[in-house]
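In: Structure for the following, please:
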Amino acid sequence: MSEPMIMIDAVSKTYHLKSRPEPVRALDNVSNHVDSGEVVVVIGPSGSGKSTLLRSLNGLQEVDSGKIVIDGVEVTDKKTDINKLRAKVGMVFQHFNLFQHKTALENIVMPQVIVAKRTREEAEEIANDLLAKVGIPDRGNNYPSMLSGGQQQRVAIARSLAMKPKVMLFDEATSALDPETVGGVLELMRQLAADGMTMAVVTHEMGFAREAADRVIFMDEGRVIEENTPNNFFDNPQSDRAQDFLRQIL
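Out: Model prediction:
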């Protein structure tokens, strides 16, 4: 059997907050994996450690202990070139993080030229192809302020895809969007999943989790409480905590 694309081994992270006398254990000895081409959706209540886990996968969040390996490269090794690693791990955030003074096209072109060392001509061709793929082929010359939230998120996804990543991470990618634009971005994510992209997704969109995920991971208090196929998890959750969570949101 081939190695998983993402390997998480006994990862822990503790925060020390001025407002709390006791340290907060954001990740508590978490171990898991994501296979190549697999779509894993991580759900759970606020503060359960979902986003901390996702951010640790591309080195945005340092962990206290444990090991994370993506495509054979150890993220948690201090000798690893994190910028080089991030070129093959795309990440899409709740907020779009676009350069406001650059057009949509330029937002997609710039990382390719600077990080991937592509020629401008090649980068523009890839950017235009991706703008078409994400459904906004005519918006390349628009600045972010001229785009809706859903369109900006599509640009952010195109920017990540332009680096030709092995893995895509989505951290609440639709939670800042207007209800009317959520569906289009989720459909784009479903399309990526159908195309075989390896994906780890933190979301509150239970419909997406049920339809697009190969596996659902439920977290609470920094731990993986339960994991299963979407149908088994939503129709027959095994833990009391998951049953309680689903009763409140479904």
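In: and the longest helix for the chain?
Out: helix 179-194 (DSSP state H).
In: List the neighbouring strands of the helix or strand harbouring residue 11 plus their orientation.
Out: When elements are assigned from DSSP states H and E, residue 11 belongs to strand 6-15. Strands that pair with strand 6-15, judged by DSSP bridges, come out as strand 24-34 (antiparallel), strand 65-70 (antiparallel).
In: the helices in the protein, which residues?
Out: 50-57, 82-86, 104-114, 120-133, 149-162, 179-194, 206-212, 230-235, 240-249.
In: and of those helices, who's closest to residue 222?
Out: helix 50-57 (7.9 Å; Cβ to Cβ). In short, each C-beta sits where N, CA and C put it, glycine included.
In: So what's the model's average confidence on that closest one?
Out: Per-residue pLDDT over helix 50-57 has a mean of 95.
In: what angle separates it from strand 65-70?
Out: 70 degrees (axes from the mean of the first three to the mean of the last three Cα atoms, to 10 degrees).
In: contact partners of helix 50-57?
Out: 6, 8, 11, 13, 26-27, 30, 42-44, 61-63, 68, 70, 75, 89, 91, 167, 169, 171-172, 200, 202, 219, 222 (Cβ atoms under 8 Å, 6 or more residues apart in numbering).
In: Of the residues you listed, keep whichever come out buried.
Out: Listed as buried from those are 6, 8, 11, 13, 26-27, 30, 42-44, 63, 68, 70, 75, 89, 91, 167, 169, 171-172, 200, 202, 219, 222; burial here means 16 or more other Cβ atoms under 10 Å.
In: Send over the longest helix of the chain as CSV, restricted to the C-alpha atoms.
Out: Extracted C-alpha coordinates of helix 179-194, given in CSV (Å, rounded to 0.1, in the frame of the first residue of the first chain):
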residue,chain,number,x,y,z
PRO,A,179,-26.0,32.8,1.6
GLU,A,180,-26.7,33.3,-2.1
THR,A,181,-23.1,32.8,-3.1
VAL,A,182,-22.3,29.8,-0.8
GLY,A,183,-23.7,27.3,-3.2
GLY,A,184,-21.5,28.3,-6.1
VAL,A,185,-18.3,28.0,-4.1
LEU,A,186,-19.4,24.6,-2.6
GLU,A,187,-20.2,23.4,-6.2
LEU,A,188,-16.6,24.4,-7.2
MET,A,189,-15.2,22.4,-4.2
ARG,A,190,-17.3,19.4,-5.2
GLN,A,191,-15.9,19.6,-8.7
LEU,A,192,-12.4,19.6,-7.3
ALA,A,193,-13.2,16.6,-5.2
ALA,A,194,-14.7,14.8,-8.3
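In: Return the set of buried residues in that helix.
Out: In terms of neighbour count (16+ other Cβ under 10 Å), helix 179-194 has its buried residues at 181-182, 184-186, 188-189, 192-193.
In: now do stretch 155-171
Out: 155-163, 165-171.
In: Kindly indicate which of the residues you listed lies nearest residue 36.
Out: Residue 36 lies nearest to residue 166 out of the buried residues of stretch 155-171, by Cβ to Cβ, at 8.0 Å.
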